[in-house]
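>>> Turn this into a model:
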Amino acid sequence: MTPNGGNETEAAPQLNVLAQYIKDLSFENPNAPRSLMPQQEQPAINIQINVNANPMSETEFQIELTIDGDARTKDLILFKFELVYGGIFRIAGVPAEAVHPIVLIECPRLLFPFARQIIANSTRDGGFPPLYLDPVDFAALYRQRIAENPQAPAGPALTQ
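Purely as a prediction, here's the structure:
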């Protein structure tokens, strides 16, 4: 019974993580051992984050969080990295208009802490202090992407 006395049974909204994986990981220390020596200046850290979503079925989606970054001084690249961290998600019992934001906001939000730790471990293992990325506001990234491309389809295949 529904709260208003009907006999309809609605499925409860579900967001399940079916799998998480490293699809690609690259860490480069192109100027070692020189880059490992104490630097006179604070390095500039550059980070780019992208989210790609691909439907696998009506309820399952592959999400890829791509994080590229580097650290450099005026005349020296200290390190560069690229991580593509993926997940397979099942989304059920959600209105069609809510699937798109869930896929491009909530799914990457669930993947991010794991990707952040992989990057911190990679920079530490590369001879540098661990690089802990600041939390990412995936809702703001989503709104920015929608504002940049208002004709984008409302389906979950939008790449962010």
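>>> what residues are up against the residue most central in space within the chain?
The residue lying closest to the centre of the chain (Cα atoms, centre = their mean) is L65, at 3.2 Å. L65 is in contact with 49-51, 83-87, 108, 111-112, 115, counting by Cβ atoms under 8 Å, 6 or more residues apart in numbering. Using the backbone N, CA and C atoms, a C-beta is placed for each residue, glycine as well.
>>> now with 7 Å?
51, 85, 108, 111-112, 115 (Cβ atoms under 7 Å, 6 or more residues apart in numbering).
>>> separation between it and V94?
As judged by Cβ to Cβ, to the nearest Å, L65 and V94 stand 21 Å apart.
>>> just I67 next, same as before
Taking Cβ to Cβ, one finds I67 at 27 Å from V94.
>>> Those two: which is more packed in?
Neighbour totals were compared for I67 and V94, and I67 leads with 20 against 17 (other Cβ atoms under 10 Å).
>>> And the pLDDT for that one?
For I67, the pLDDT comes out at 97.
>>> coming back round to it: possible to save the contacts of L65 as TSV with pLDDT, distance to Y142 and neighbour count?
Output for the contacts of L65, formatted as TSV (pLDDT from 0 to 100; distance: Cβ to Cβ, whole Å; neighbours: other Cβ atoms under 10 Å):
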residue	pLDDT	distance to Y142	neighbour count
V51	94	8	24
Y85	98	18	23
P108	97	9	25
L111	98	15	21
F112	98	14	19
A115	98	17	24
